[in-house]
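Visitor: Give me the fold of what follows.
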Amino acid sequence: MYDTVLVAMAGLLVGAAIWTVTDVSYDDPAAGWPKPGPVCPEEGIRVTAGPVNPAMGLRAMDLTLENCGTRAYRVEGYPEVRLLDRDQQHVTGVSVIHGSAGIATVTGFDEPPSAVTLAPGETASAGLLWRNTTTGFDGAAYVRYLTVAARSGSLPLLLTPDGGLDLGTTGRLGVGPWRTAGGTR
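Guide: A predicted model of the protein is given here:
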C-alpha cells in the first residue's frame with residue numbers, strides 16, 4: 001500500500017510540474033500578437049496567465065491584470081477571451097461563457113461583476129474554469145493560446161499557458177469577473 005501511495009504522490013508532483021506557466025517575451029513578430037512581459041505595453045496594463053490547476057478533471061486558471069502604467073486603470077465586467085489553436089486560429093465548438101456556466105460551483109465565480117480601479121502597481125484577477133471531460137476520441141478541444149483583452153476595446157494580449165488548455169468535449173469555458181487583488185472597487 002505504501003508503494004501505491006508513493007507512486008500516486010509522485011504522479012501528482014509530475015503533473016503539477018507539467019502545468020507551470022511559460023515565460024513569454026513582449027513581442028513575437030512571427031505571431032503578430034503583443035505578449036505580456038517585462039516591458040509595459042502602451043495601454044499601461046499587462047495580463048498574465050497563472051498555472052493550471054488540474055484537479056480530477058475540473059480545471060481552473062487565474063488571469064492577472066497588472067497596472068504597469070502611470071495612471072489609474074478601470075475595468076468592469078469580464079475579460080474578453082478568445083481561444084486559439086497551435087496555428088493561432090480560432091478554436092470552434094467551444095463557448096466562452098460569463099460565470100461558471102454550470103461547470104462547477106466555485107465561490108465568487110458567479111457573483112455579479114463590479115467596477116475595479118487599479119492604481120499603478122496594483123493587480124486584479126479573473127478565473128477560467130472548465131472540465132476535461134471527453135465522450136469519445138473525436139472532437140476534443142485543445143487550446144494552445146489565448147488572447148485576453150482586459151476590457152472591451154483594449155488591445156488583446158497573446159498568452160501561452162504551459163501545456164495549453166485541455167477542454168475535452170464539453171464545449172464550455174467559464175470566465176469569472178475581474179476581482180480586486182490590491183485595487184479599489
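
Visitor: hey, let's count contacts and neighbours off CA atoms from now on
Guide: Fine.

Visitor: could you point out which element follows whichever strand or helix holds Leu129?
Guide: Assigned by DSSP states H and E, Leu129 belongs to strand 123-131. Using DSSP H and E, the helix or strand that follows strand 123-131 in sequence is strand 141-143.

Visitor: Could you list the paired strands of that following strand along with their orientation?
Guide: Strand pairing for strand 141-143, using DSSP bridges, gives strand 165-168 (antiparallel).

Visitor: Residues contacting whatever helix or strand comes next after the strand it pairs with, please?
Guide: Remark: after strand 165-168, the chain's next helix or strand is strand 172-175, criterion DSSP H and E. Outside strand 172-175, the residues that touch it by CA atoms under 8 Å, 6 or more residues apart in numbering are 78-79, 94-101, 103, 109, 126-130, 167.

Visitor: mind redoing it with 7 Å?
Guide: Residues from elsewhere that reach strand 172-175, judged by CA atoms under 7 Å, 6 or more residues apart in numbering: Val94, Ser95, Val96, Ile97, His98, Gly99, Ser100, Ala101, Gly127, Leu128, Leu129, Trp130.

Visitor: Bridged to the fifth one, which residues?
Guide: What that stands for is His98. Bridge pairing for His98 (DSSP bridges) gives the partners Val175.

Visitor: Surely it touches Gly176?
Guide: Yes - His98 lies in contact with Gly176 (CA atoms under 7 Å); the separation is 6.2 Å.

Visitor: neighbour-wise, which of these two wins?
Guide: Each of His98 and Gly176 has its neighbours counted (other CA atoms under 10 Å); Gly176 has more, 27 against 20.
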